[in-house]
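Asker: I'll drop the sequence and a predicted model, then ask my questions.
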Amino acid sequence: MSVEEKTPPIRIVLADDHDILRQGIALLFSLQKDIQIIGEARTGPEAVSIVKELQPDIVVMDISLPEMDGLEACRRIRLQTPTTQVLILTMHESEEYFLKALRMGASGYIVKKVAPQELQAAVRAIAQGGAFLYPGLAKALVRAYITPPTQAVLPTQPVTTENQKVARELHVLTPRELEVLTLVAQGRTSQEIANLLGISVKTAQAHRANIMEKLELRDITQLVRFAIRTGLLSPDA
C-alpha cells in the first residue's frame, strides 16, 4: 500500500484555573507534532463535561480547581469516560495527594516545577498505555502497600486462602509476563520495557493488556499493589 500511515496525535484536554499557566502549557504542547490540544477547562465541572463531550486520550489536570477539585473530577471522568486517562499536574508534592490521585484512577502524577520535557514524556508514556509517577513520590506508592509487620503471616500459621489465591494468580502468568509485570510496576513505559526485553513496543503493550486481564486488575495502583504483595517488587526498588 503506497498511502503512508500516520499515527494520530495524542488528543489532550487541559484543566487549570490559571489562564496564563494553561495557555503556556497549551503553547508548549502545540510545538509537538504528536500532541494536539482539543479543549480547555477552568473548573472541575467544566473538565468533566468537556471530557465527556470530546473523549480525549488524556486530560492534564490540576488538583486545585474551583467548584470541584481535580481529584473528584478525576474520579468522575474515569467513571464516565474510562478510555480517557488522567495526568495530574500540580504544585502539591504531598504523599497524601499523590496516593489519593492514584486511588481516584489517575495514570500519572507530576509536579509543576518539572522541566517541559518531563511533562511531554509523561503524556507520551500514558498514551502508550503506561504510567508516569513523579520520581520524588514513587516510593510512597511502594510504602503504602507494604503489609504492616503486625499483619505478617507467621511461619507456624497455615497457608491462607489469600496465599493460595496469589499462587494461582502467578501460575497463570508466563515467565515473560512476570518480567513485564515487574517492569510496569516499577513505572517503566512500554518503550522502556521493549528496549530492556528486546521486544517491540506493540508486544510489550500486548503483554501488559494480557496481564491486566488475567489478574483482573483495573489500574496501575492495583498492579503495583499486586507486585509488592507477591514479592515481585521490592519496597526498596
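Answerer: In hand now; what should we look at?
Asker: which residues sit in contact with the residue nearest to D17 when sequence neighbours are not counted?
Answerer: Spatial nearest neighbour of D17, chain neighbours left out: R42 (4.9 Å); criterion: C-beta to C-beta, 6 or more residues apart in numbering. All C-beta spots, glycine's among them, are computed from the backbone N, C-alpha and C. Going by C-beta atoms under 8 Å, 6 or more residues apart in numbering, R42 touches 15-17, 19, 22, 65-66.
Asker: What is the three-state secondary structure of P45?
Answerer: The three-state assignment at P45 reads helix, by DSSP: H, G, I helix; E, B strand; the rest coil.
Asker: That one reaches G70, doesn't it?
Answerer: No - P45 is not in contact with G70 according to C-beta atoms under 8 Å; the separation is 11.6 Å.
Asker: Which residue of these two possesses the greater neighbour count?
Answerer: Per other C-beta atoms under 10 Å, whichever of P45 and G70 has more neighbours is G70, with 28 against 16.
Asker: what's the spacing between the more buried one and V60?
Answerer: Note on G70: its distance to V60, by C-beta to C-beta, to the nearest Å, is 10 Å.
Asker: Now list whatever residues contact both of these two.
Answerer: Common neighbours of G70 and V60 are listed as A15 (criterion: C-beta under 8 Å, 6+ apart).
Asker: Now the element after the lowest-mean-pLDDT helix or strand in the chain, going C-ward?
Answerer: Sorting the helices and strands of the chain by mean pLDDT, DSSP states H and E puts helix 161-171 at the bottom, at a mean of 58. As assigned by DSSP states H and E, the chain's next helix or strand after helix 161-171 is helix 175-185.
Asker: Quick one: distance of that following helix to the chain centre.
Answerer: A distance of 16 Å separates the C-alpha centroid of helix 175-185 from that of its chain, computed with C-alpha atoms, centre = their mean, to the nearest Å.
Asker: Output the contacting helices and strands for it.
Answerer: In terms of contact count using 3 or more C-beta pairs under 8 Å, 6 or more residues apart in numbering; DSSP states H and E, helix 175-185 is assigned the packing partners helix 190-197, helix 201-215, helix 220-229.
Asker: Just the residues contacting the second one, thanks.
Answerer: In this structure, residues lying in contact with helix 201-215 by C-beta under 8 Å, 6+ apart are 128-130, 169, 172-173, 176-177, 180-181, 184, 190-191, 193-194, 197, 199, 217-218, 223, 226.
Asker: try 7 Å this time
Answerer: Helix 201-215 is contacted by residues 128-129, 169, 172-173, 176-177, 180-181, 184, 190-191, 193-194, 226 when judged by C-beta atoms under 7 Å, 6 or more residues apart in numbering.
Asker: To R75, which of the helices and strands packed on helix 175-185 lies closest?
Answerer: Closest of the helices and strands packed on helix 175-185 to R75 is helix 220-229, at 12.9 Å (criterion: C-beta to C-beta).
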